[in-house]
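Colleague: Just the structure for this:
(one chain, ligands or ions: 2)
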Amino acid sequence: MDLFSDHPTTPVMIATGAYWLPGFALPVMPTLWQVLAQHLAAYPAQRMMTPMGHLMSVATSSMGDWGWVGSTQGYGYSAQDPATQQAWPAIPAVMQALSTAAALQAGYANFVADSCLINVYAPGSKMGLHQDRDEQDFTQPIVSVSIGMPATFLFGGVKRSDPTVKIPLQHGDIVVWGGASRRYYHGVSVVKPHAHSLTGLRRINLTFRKAK
Ligand SMILES: O=C(O)CCC(=O)C(=O)O
Ligand SMILES: [Fe+2]
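Modeller: Ligands and ions are numbered 1, 2, ... in the order given. Presented below is the predicted three-dimensional model:
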């Protein structure tokens, strides 16, 4: 089977310590979507600034003790929503349990996220190659859940110039990376307009991390 043209149903290793778990979130999606839609109504996603003073193409919101924020001061974690100065709400049990189970499936036991970043992609949005490196403990993995429109996830290596594998993520897929690949470069290609029955013209990605 050509892993990158067919949609597999079992975990696929994409790099050392990195796994694509196709459809892993589907069983909890009805409950998850209900709490996520409520969250986005109360804490709307906003486009943050990059340190270079550009608006990010992706809009973000957060849950948990720590929300990831960008500004002209740099990137980092904040206990408050910069728009309202309110503390972020707790990560709902359905999401906490899903991220712990996905990490375990990829070989990372006892993962407990204290941060859930919600990235909202409209058609034309993308995320350039970057490393997740604002966290304190790099022994903890990253758990990334795709919802709604499909997208091509790029997963590279320790250097930005390393070759990337292209993973066709669909609604309900999860990618987990840690260990040797914890700081590998990754990104999302420009998202195309394929409306999804749950999210419409949006792709929403949940990035679960242990920030502190
Ligand atoms: O949207 C994605 O699939 C990736 C998100 C990501 O890399 C991040 O939030 O740091
Ligand atoms: Fe990332």
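Colleague: residue in this structure nearest to ligand 1?
Modeller: residue 205 (3.3 Å; CB to the nearest ligand atom). Just so you know, the C-beta spots here come from the backbone N, C-alpha and C atoms, and that holds for glycine as well.
Colleague: looking at this, that residue is in a strand?
Modeller: Yes: counting by DSSP: H, G, I helix; E, B strand; the rest coil, residue 205 is located in a strand.
Colleague: Once you drop chain neighbours, what's closest to it?
Modeller: residue 119 (4.5 Å; CB to CB, 6 or more residues apart in numbering).
Colleague: count of residues packed around the residue of the chain closest to ligand 1?
Modeller: Counted by other CB atoms under 10 Å, the residues lying close to residue 205 total 22.
Colleague: same question, residue 56
Modeller: Residues lying near residue 56 (other CB under 10 Å) number 17.
Colleague: Write out the residues of this protein neighbouring ligand 1.
Modeller: Contact residues (CB under 6 Å from any ligand atom) of the chain with ligand 1: 117, 119, 127, 132, 144, 153, 186, 188, 205, 207.
Colleague: Which of the residues you listed has the largest number of neighbours?
Modeller: In terms of neighbours by other CB under 10 Å, the residues of the chain next to ligand 1 top out with residue 186 at 27 neighbours.
Colleague: Which members of the residues of the chain next to ligand 1 are the farthest-apart pair?
Modeller: Across those, the longest distance by CB to CB is 15.2 Å; it joins 117 and 153.
Colleague: picking up where we left off before, rebuild the residues of the chain next to ligand 1 as TSV, extending it with secondary structure and pLDDT.
Modeller: Listed next are the residues of the chain next to ligand 1 as TSV, based on DSSP: H, G, I helix; E, B strand; the rest coil; pLDDT from 0 to 100:
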residue	secondary structure	pLDDT
117	strand	98
119	strand	98
127	strand	96
132	coil	97
144	strand	99
153	strand	98
186	strand	98
188	strand	98
205	strand	98
207	strand	98
